[in-house]
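Colleague: Prediction below, plus the sequence it came from.
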Amino acid sequence: MFNFRFMQLFDNFAHVRNALNETAGSVVTIGVFDGLHRGHQALIDRTTEQAKARGLTSLIITFSEHPLSILAPPYCPKRLLSAPRRRQLFSELGVEMVAEVAFTEGFSNQSPEEFVENLLVPLCKPNLIVCGYDFAFGKAGAGKTTLLTELGAKHGFDVDVMAPVTDGEMFVKSTMIRDLLFGGDVVRAAHMLTRPYELNGVVTTGFGRGRTIGFPTANVLPPSDRVIPARGVYLCVARVSGDPKVYAAVCNIGFNPTFEGHTQTIEAHLLDADVELPGRELSLFFLARLRDEQKFPGVDALVAQLNHDVSTARELLAQPHHQATLKGVSRLTSNDA
């Protein structure tokens, strides 16, 4: 659980309505917010700024699961962010209220007008709705920003449609970040996210080969719905549950081809760490990709390459921008409880 400071978290709209009863109303933004990337942050910044300017409450409406997990499960994308970390980041961004509600078939079957007239207006008391240029709402996404503006004029709320946020020539979108990670470009993904991509999971017992060759590894088993970067070797920062320290790590994602492996694993070798890991949760923050996955002619060649990987990792980590990232990860995890 995270310390949410002054943010209130609700799991249904009735609680939102009750909390807003004594207020003048809200400034609202709505979305899945998977990744909480630069585009999402721009929406939230505008929401909190306008709430302060208007003397209102900033409110995010989001979902406890991705809508496609209900509407079209085979097409539901892998997630970029765990629910607990997303809540923490909402709080860090200064949001006052978050409605993290279940996305059900009944919810999805509301027409755009029903969503606004039966739910948004009476339960959320919006004075302003902040949305992206591609915002869609109601059954089958039939409601667009033009209709939202018309409904706002009818029901007494303003609509602020924001332009897309770009990174070079690319729009900053969750889909683009997933593609970057699937291609191994953790550096550009981090730039769009404004922080390193984080993957966490429970440490399980592996074959123990790493320990026999001087490179003990933690085998991390993340939730099945999370994005896993491309196969290869990465420089990471690692955080162990219950341990306030952060550690540099060299992480391999792949099939262990030197040992004829047939199952993809995520193995992290923590540098300068002497901690018991099995059964604990380990978070990996991806800083850079060191190389592709390789098959070596034997153990000696593998060990030589692993020594080189560790040396490269230490050199990279000493660079000022990676030191800044290391401190940023320490701050990001400092509110874990």
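Modeller: Ah, there it is. Please read all numbers here as calculations on a predicted model, not as lab measurements. Numbers count the residues shown, from 1 in each chain.
Colleague: quick one: low-confidence ranges for the chain?
Modeller: Along the chain, the model assigns pLDDT under 70 to residues 1-5, 206-208, 260-262, 333-337.
Colleague: rerun at 50
Modeller: For the chain, the stretches with pLDDT under 50 are 1-3, 337.
Colleague: the strands in it, which residues?
Modeller: Using DSSP state E, the strands of the chain run over 8-10, 26-30, 57-63, 97-101, 126-132, 158-162, 166-167, 170-171, 197-204, 218-221, 232-240, 246-254, 265-270, 281-291.
Colleague: now the angle between strand 126-132 and the second one, please.
Modeller: Right, strand 26-30. Using axes from the mean of the first three to the mean of the last three Cα atoms, to 10 degrees, the inter-axis angle of strand 26-30 relative to strand 126-132 is 30 degrees.
Colleague: circling back: highest mean neighbour count out of the strands of the chain?
Modeller: strand 26-30 (a mean of 26; mean count of other Cβ atoms under 10 Å). Every residue, glycine included, has its C-beta placed from N, CA and C.
Colleague: got a list of contacts for it?
Modeller: Identification of contacts with strand 26-30 by Cβ atoms under 8 Å, 6 or more residues apart in numbering yields 20, 43-44, 46-48, 50-51, 54, 56-62, 97, 120, 124-131, 135, 137.
Colleague: hmm, 6 Å instead?
Modeller: Under the contact criterion Cβ atoms under 6 Å, 6 or more residues apart in numbering, strand 26-30 has outside partners 43, 47, 50-51, 56-61, 124-126, 128-130.
Colleague: where along the stretch 1-150 of the chain do the helices fall?
Modeller: With DSSP state H, counting those that start in this stretch as the criterion, the stretch 1-150 of the chain has helices at 13-20, 38-54, 68-71, 83-92, 105-108, 112-114, 121-124, 145-155.
Colleague: Same list, those helices, but as a markdown table with distance to L306 please.
Modeller: Converted to a markdown table, the helices of the stretch 1-150 of the chain look like this (distance: least, Cβ to Cβ, whole Å):
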| stretch | distance to L306 |
| --- | --- |
| helix 13-20 | 52 |
| helix 38-54 | 35 |
| helix 68-71 | 39 |
| helix 83-92 | 30 |
| helix 105-108 | 49 |
| helix 112-114 | 56 |
| helix 121-124 | 54 |
| helix 145-155 | 53 |
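Colleague: Dump these to a markdown table, plus mean neighbour count.
Modeller: Below are the helices of the stretch 1-150 of the chain laid out as a markdown table (neighbours: other Cβ atoms under 10 Å):
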| stretch | mean neighbour count |
| --- | --- |
| helix 13-20 | 16 |
| helix 38-54 | 19 |
| helix 68-71 | 15 |
| helix 83-92 | 19 |
| helix 105-108 | 12 |
| helix 112-114 | 16 |
| helix 121-124 | 18 |
| helix 145-155 | 16 |
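Colleague: Those: which one's closest to L282?
Modeller: Closest to L282 of the helices of the stretch 1-150 of the chain is helix 83-92 (Cβ to Cβ; 14.1 Å).
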